[in-house]
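> sequence plus predicted model, see below.
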Amino acid sequence: MPVKNIDSLEYQDWYDGLDANPLIRWYQRNIKFKFLMPIFKYLKKDSTILDIGCARGEFLQRLYKLGYRNLSGMDIANALRPEIADKICFFEESITSPSFLDIERPKFDILVIQGVLHHLPYGELSNCVKNIAGITKTEKDSSCAGGGGTVCV
Ligand SMILES: C[S@@+](CC[C@H](N)C(=O)[O-])C[C@H]1O[C@@H](n2cnc3c(N)ncnc32)[C@H](O)[C@@H]1O
């Protein structure tokens, strides 16, 4: 059954409830983000990283603690924790917007999109992919060996 687009923020209370659950917080801290970490050892500390659907910014906070400094987040609403909010560049936007690429945007070495795609309506996935491709650095521009890329979990 198709899942409704959470662009509507219809599920915000549900996510707030999850975040308050100590078991979920333990899972996020100890398992969920940890298995992505090996990817980052191939990046330079000044690589530009965008977390799409960054929610409260936990993943960005973790990268900041590891020494990454060119961090950005994007979400349809700003729910960033104060500890990370002033250390990153935040875009309050939808990655599915059809007019997303109409304005000039920075491009990133690496884009992370975790736990987001399965919430988007099928019909909006192609916009999402097109928009992500439009803000990913090419091999020529990227500071990473082999060019920029997207990590989708
Ligand atoms: C399940 S949460 C995942 C949060 C975080 N990435 C993580 O892994 O813990 C999904 C997030 O995607 C955001 N989101 C939903 N639709 C979006 C869209 N069209 N563009 C950008 N962010 C979106 C939601 O606001 C929410 O913060």
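Yes, it's here.

> quick one, grab the pLDDT at Leu9.
With respect to pLDDT, Leu9 scores 56.

> so which bits of stretch 79-95 are buried?
For stretch 79-95, the buried set under the neighbour-count rule, 16 or more other Cβ atoms under 10 Å, comprises Ala79, Leu80, Ile84, Ala85, Ile88, Phe90, Phe91, Ser94, Ile95. In short, each C-beta sits where N, CA and C put it, glycine included.

> list phi and psi for the fourth one.
This points to Ala85. Phi and psi for Ala85, reported as degrees, to the nearest 10, are phi -50, psi -40.

> pLDDT below threshold where in this protein?
By pLDDT under 70, the weakly predicted segments of the chain are 1-15, 145-147.

> so which residues of it form helices?
Along the chain, the stretches classed as helices by DSSP state H are 12-19, 22-27, 37-40, 58-65, 82-85, 125-134.

> before we move on, the earlier item: what's the most distant pair in the buried residues of stretch 79-95?
Comparing all pairs in these by Cβ to Cβ, the longest separation belongs to Ile84 and Ser94, at 20.9 Å.

> got a list of contacts for stretch 59-68?
The contact list for stretch 59-68 (Cβ atoms under 8 Å, 6 or more residues apart in numbering) reads 33, 36-37, 40, 43, 45, 47, 49, 51, 54, 71, 73, 81, 83-84, 87-88, 112, 114.

> now do 7 Å
Residues from elsewhere that reach stretch 59-68 (Cβ atoms under 7 Å, 6 or more residues apart in numbering): 33, 40, 45, 49, 51, 54, 71, 73, 81, 83-84, 87-88, 112, 114.

> in it, what's buried?
Buried residues in stretch 59-68, counted by 16+ other Cβ under 10 Å: Phe59, Leu60, Gln61, Arg62, Leu63, Tyr64, Tyr68.

> restrict it to CA atoms and write it as PDB.
Output of stretch 59-68 as PDB, limited to C-alpha atoms (Å, rounded to 0.1, in the frame of the first residue of the first chain):
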ATOM      1  CA  PHE A  59      23.800  12.200  12.000                       C
ATOM      2  CA  LEU A  60      25.300  15.600  11.200                       C
ATOM      3  CA  GLN A  61      26.200  16.000  14.800                       C
ATOM      4  CA  ARG A  62      28.000  12.700  14.700                       C
ATOM      5  CA  LEU A  63      30.000  13.800  11.600                       C
ATOM      6  CA  TYR A  64      30.800  17.100  13.300                       C
ATOM      7  CA  LYS A  65      32.200  15.200  16.300                       C
ATOM      8  CA  LEU A  66      34.400  13.300  13.800                       C
ATOM      9  CA  GLY A  67      35.900  16.500  12.500                       C
ATOM     10  CA  TYR A  68      33.800  17.100   9.300                       C
END
